[in-house]
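Asker: Provide a 3D model corresponding to the input given below.
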Amino acid sequence: QVQLVESGGGLVQAGGSLRLSCAASGRTFSVYAMGWFRQSPGKEREFVASISRSGGTTYAADSAKGRFTISRDNAKNTVYLQMNNLKPEDTGVYLCAAQFVPYDERVWTNYAYWGQGTQVTVSS
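Answerer: Numbering: from 1, shown residues only. Down below sits the predicted model:
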């Protein structure tokens, strides 16, 4: 099993920045990729960004490109999501997830383990 704990969320004004962290423990050596997703009320779970085990391959949703950066520190078993120029539509619960199989990293059903999430609220 893999345990994931997110942190770093909060309330920020539009144009501000936040850095989310996801600390992983357990069978982390078996993880193929890590992803960040956003859950907003009344909306489907939405892909934000993902990163491969080595960190050499990353993907980002169109809404995140140019503003969000995903990175990882394997020595600390931690994945980060740097979010800049935040907008009100970025509001939601941000969930970290671990994937064990080399399937499409943008699809949330391909992830086996999830954290509890951290709330991000962007005011206009």
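
Asker: Would you confirm that Arg19 contacts Ser7?
Answerer: No - the criterion here is Cβ atoms under 8 Å, and Arg19 misses it with Ser7 at 9.5 Å. Quick note: C-beta positions are derived from backbone N, CA and C, even for glycine.

Asker: Quick check: neighbours shared by these two?
Answerer: By Cβ atoms under 8 Å, 6 or more residues apart in numbering, Arg19 and Ser7 have no common neighbours.

Asker: for this protein, what are the low-confidence residue spans?
Answerer: Residues of the chain meeting the criterion pLDDT under 70: none.

Asker: need the contact list for the most centrally placed residue in the chain.
Answerer: Computing the C-alpha centroid of the chain and ranking residues by Cα atoms, centre = their mean puts Trp36 first, at 2.0 Å. By Cβ under 8 Å, 6+ apart, Trp36 lies in contact with 20, 22, 48-50, 70, 79, 81, 94-97.
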